[in-house]
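give the three-dimensional model of this entry:
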Amino acid sequence: MAIELNDELIEQERAAWAEQQENRLTVETAARVQAAITAHAEATGQSRFEVERELKRVVRHPSEDGG
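Model (predicted):
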């Protein structure tokens, strides 16, 4: 089963990843992304772990999608 992500979730993770790369990630940003992952997983009936794993793969390794 393919993991479904939405644009808002991807954008939140991109922002958090950018902060992390700049060594300025805050607890608030990380908590906001985790809450969004949990809410998305619950709303779509997907595993929170699988949603987070796919989200990080899409944001951190976009070339794996052929893009």
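
any idea how far Phe49 is from Glu13?
According to C-beta to C-beta, to the nearest Å, Phe49 stands 15 Å off from Glu13. C-beta: built from backbone N, CA, C; applies to glycine.

more neighbours, these two?
A direct count of neighbours by other C-beta atoms under 10 Å for Phe49 and Glu13 places Glu13 higher, at 20 against 10.

ok, the more buried one to Val59 distance?
Separation of Glu13 from Val59 (C-beta to C-beta): 5 Å.

do Arg24 as well
In terms of C-beta to C-beta, Arg24 sits 17 Å off from Val59.

higher neighbour count, the two?
Legend: neighbour count by other C-beta under 10 Å for Arg24 and Val59, higher for Val59 (19 against 9).

the more buried one contacts Glu11, doesn't it?
No - when contacts are counted by C-beta atoms under 8 Å, Val59 is not listed as touching Glu11 (9.3 Å).
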